[in-house]
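# Fold the following.
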Amino acid sequence: MPNTQRRTTHRPMRARIVILAVAILTLAAACSSDSSDDEPAATTTTAEGATTTAGDDTTTTTAAGTDDGGDSGSDASGDTEYAIVTIGTETYEADMSGSLAACIALGGAVGGVGQIIEPGSGTIDMTIPPENWESSSDDWDPPSIRVDLGEDENGVPIDWRAGGEIIESLPDLVGKSQVDSFAVDGATATGTATFIDFFQVQLAGGDQVDDPEPVEGTFEINCG
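Next up, the predicted model:
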């Protein structure tokens, strides 16, 4: 199918995913508000190594303020919803559960957008369709990843992309920017990709710099 037709059919699916994501966030906010009206649960504070028993439930505290298996780390992989993208030697981690984020697993697809928490700042925007998306009767968007790092210390934008509608529309970038392989397991998707700095591509189009070199990388996203 020509690219112009494919871009036209992608928009309704994308709109449905965005609408569903907003609905989920609204429902979560409503549930949180309702739960605040309930009576607070009874709590018990124990010293390190102490064991408390209530009815048939037993809780053992192995360290002050921390239950068994607790993880107090602040990295994105410790969150329920996160994205991690490695481009060359640089790894970027994003929180996909914040107030400015959205993360959804639907029909075998996983995708979302979140704020980079390490290193620096920016956003990760990822769309991973079901593994059989090309043969599916549903109209799935092709896999794509964007890592927008804003501007560097010299005010130059850094905009890493692997696939996506804009990349598809530029024949010169075929084989230089795409998701190479991926696997979906429930609400988690992992894979490999080839990235290119799209801002540098635009500069090269104006003969201001040499054509940028593609960079290999990996990714992981978890929405649950």
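# Just read off the phi/psi values of P129.
phi -80, psi 180 (degrees, to the nearest 10).
# Quick check: it touching S135?
No - assessed by Cβ atoms under 8 Å, P129 is found out of contact with S135, at 11.2 Å. Where C-beta positions appear, they are placed from N, C-alpha and C, glycine not excepted.
# Same drill for the two, tell me which one is more crowded.
Comparing P129 with S135 by other Cβ atoms under 10 Å, the one with more neighbours is P129, at 25 against 7.
# and the gap between the more buried one and P214?
Distance, P129 to P214, by Cβ to Cβ, to the nearest Å: 22 Å.
# same thing with A193?
Counting by Cβ to Cβ, the gap from A193 to P214 is 10 Å.
# repeat for P119
Using Cβ to Cβ, P119 is found at 22 Å from P214.
# Neighbour count for those two, which is higher?
A count of neighbours by other Cβ under 10 Å puts P214 above the other of P119 and P214, at 17 against 11.
# Could I get the contacting residues of the more buried one?
176-177, 194-196 (Cβ atoms under 8 Å, 6 or more residues apart in numbering).
# ok, of these, which one's closest to V147?
Minimum distance to V147 across the contacts of P214 is 7.4 Å, recorded for F195 (Cβ to Cβ).
# Count the residues that sit near the closest one.
26.
# That one against S144, yeah?
No - using Cβ under 8 Å, F195 is not in contact with S144, being 10.9 Å away.
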